[in-house]
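[1] Any chance you can model this:
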Amino acid sequence: MIDTVRNLMQQYTPTLTEFRRDLHMYPELSFKEHQTTKKILEALAELDVEVLDLGLETGVVADIHGSGDGRTVALRGDIDALPIYEENDVPYRSTVDGVMHACGHDVHTSSLLGAAMILSQMRDKFRGTVRLLFQPAEEINEGARLLIDRGAMQNPTVDAVFGLHTTPMFSAGEVAVKAGGLMAAVDTIRITVKGVGGHGAIPNATVDPIVAACSMVSSLQSIVSRNVNPLDSVVVSMGTINAGIANNVIPEEVKLTGTARSFEPSVREQLPDLVRRVVENSVAAYGAQAEVEYIYHLPAVYNDDGLTDLAASVVAEVCGESGVVDPQPSMGGEDFALYMQHAPGFFYWLGTGNKEKGFVHQWHNPRYDTDEDALPIGAGVLATSALRYLSD
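    Presented below is the predicted three-dimensional model:
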């Protein structure tokens, strides 16, 4: 079976390279992926797959049916781009000012399409259904939720789900396989610090929310250093501070937003109370008050123990034993985690780096790019994951 997969990987490489470059040249932002969706549908039309009508404006969900009844496995690839001006000087550079595929979603989409091409030629090798999830709006953490709400994990019920993400930390030909936590839970913090405004030259007649907020931001770091077990990974970062309209006016309030990242569910449950306690007590020392909104956005990407051995053996088959690499988990988040709440799942990191070719920049960088040798590997890993799951 793996020999057939490898032959098809090689056969479809030129097509996938062309498809990926076309996506890269014409990127689209979250929930605006209309042309991308059209291109996916046109490519799938040649493969005799069943496109499901879930009422989606962008994105595609489709099924490939095997030779008989069996389980259902889902494969996911996200399709949206980022509001970043591309600085790469390449023939396939983005033609849309201020928008680019700076997170590898063009590779994810192409890899999933490649898997569909491979599987459509191997229907006699599996029983059951492979569901293709071409997902919009990952960058704003809304696409997976939408697909799930529209029934993408049902009718029939999805028994397992696989996905992947590019990473320049590893070279093309390497795929990271990690048991347990791979990417962190993502939460949002919104804080309003309220004081009493007044003249900047008469601070004693005010309650300065800026001074209170600055002290509070520093104190928030004590959550990580003094309130959480040092062996548990947690990040609390404030990303925006907005206050005031003039240099000599102490404002009435300061608005701040930030993010909290964690892996262990028990630790995540503690964070809202810890944040509120630190915030309220810190600003109270300055006579100010605070309102805290803590929003759970995404759970952690936690790879299923029962799928880890399968995933490692899949990569070894596609890439060779040396291609299986052990990554350090990331505090970045991924809405693939939402699918994992409905079915056991496994998320790979697809190596796309190449120092000699200059593919070294991290996600969301204006010079991010991909070693395209990774395209057939991504397709092969996804296809083989489905084949192995449905046959085991």
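[2] Please make it C-alpha for all contacts and neighbour counts, starting now.
    OK.
[3] Helix or strand next in line after the strand or helix carrying Ser313, which one?
    Under the criterion of DSSP states H and E, Ser313 resides in helix 305-319. Using DSSP H and E, the helix or strand that follows helix 305-319 in sequence is strand 324-325.
[4] Adjacent strands (with direction) for that following strand?
    strand 175-176 (parallel) (DSSP bridges).
[5] Report the mean per-residue pLDDT for the next helix or strand after the strand it pairs with.
    Downstream of strand 175-176, the first helix or strand assigned by DSSP H and E is strand 180-183. Taken as a whole, strand 180-183 has an average pLDDT of 96.
[6] Name the next helix or strand downstream of the helix ranked longest in the chain, please.
    Ordering each helix of the chain by length in residues (DSSP state H) puts helix 2-25 first. Following helix 2-25 in sequence order, the next helix or strand is helix 34-45 (DSSP H and E).
[7] Check the offset of that following helix from the chain's centre.
    Averaging C-alpha positions (C-alpha atoms, centre = their mean, to the nearest Å) puts helix 34-45 22 Å from its chain's average.
[8] what does stretch 135-144 give?
    Mean-position distance between stretch 135-144 and its chain equals 8 Å (C-alpha atoms, centre = their mean).
[9] Kindly report the same for stretch 277-291.
    With C-alpha atoms, centre = their mean, you get 34 Å for stretch 277-291.
[10] Now do the same contact list for Val254.
    Listed by C-alpha atoms under 8 Å, 6 or more residues apart in numbering, the contact partners of Val254 are Thr192, Val193, Lys194, Pro209, Ile210, Ala213, Ile241, Asn242, Ala243, Gly244.
[11] Can you flag which of these belong to strands?
    With DSSP state E as the criterion, strands contain Thr192, Val193, Lys194, Ile241, Asn242 from among the contacts of Val254.
[12] Pretty sure Pro91 sits in a helix.
    No - looking at Pro91 with DSSP: H, G, I helix; E, B strand; the rest coil, it is coil, so not inside a helix.
[13] how close does it get to Leu16?
    Pro91 sits 16 Å away from Leu16, going by C-alpha to C-alpha, to the nearest Å.
[14] When these two are compared, which one has more neighbours?
    Leu16 (24 against 8; other C-alpha atoms under 10 Å).
[15] Next, the residue lying closest to the more buried one once chain neighbours are set aside: secondary structure please.
    Leaving aside its sequence neighbours, Leu16 sits nearest to Ser110 (C-alpha to C-alpha, 6 or more residues apart in numbering; 5.9 Å). Here Ser110 is helix, with the state taken from three-state DSSP.
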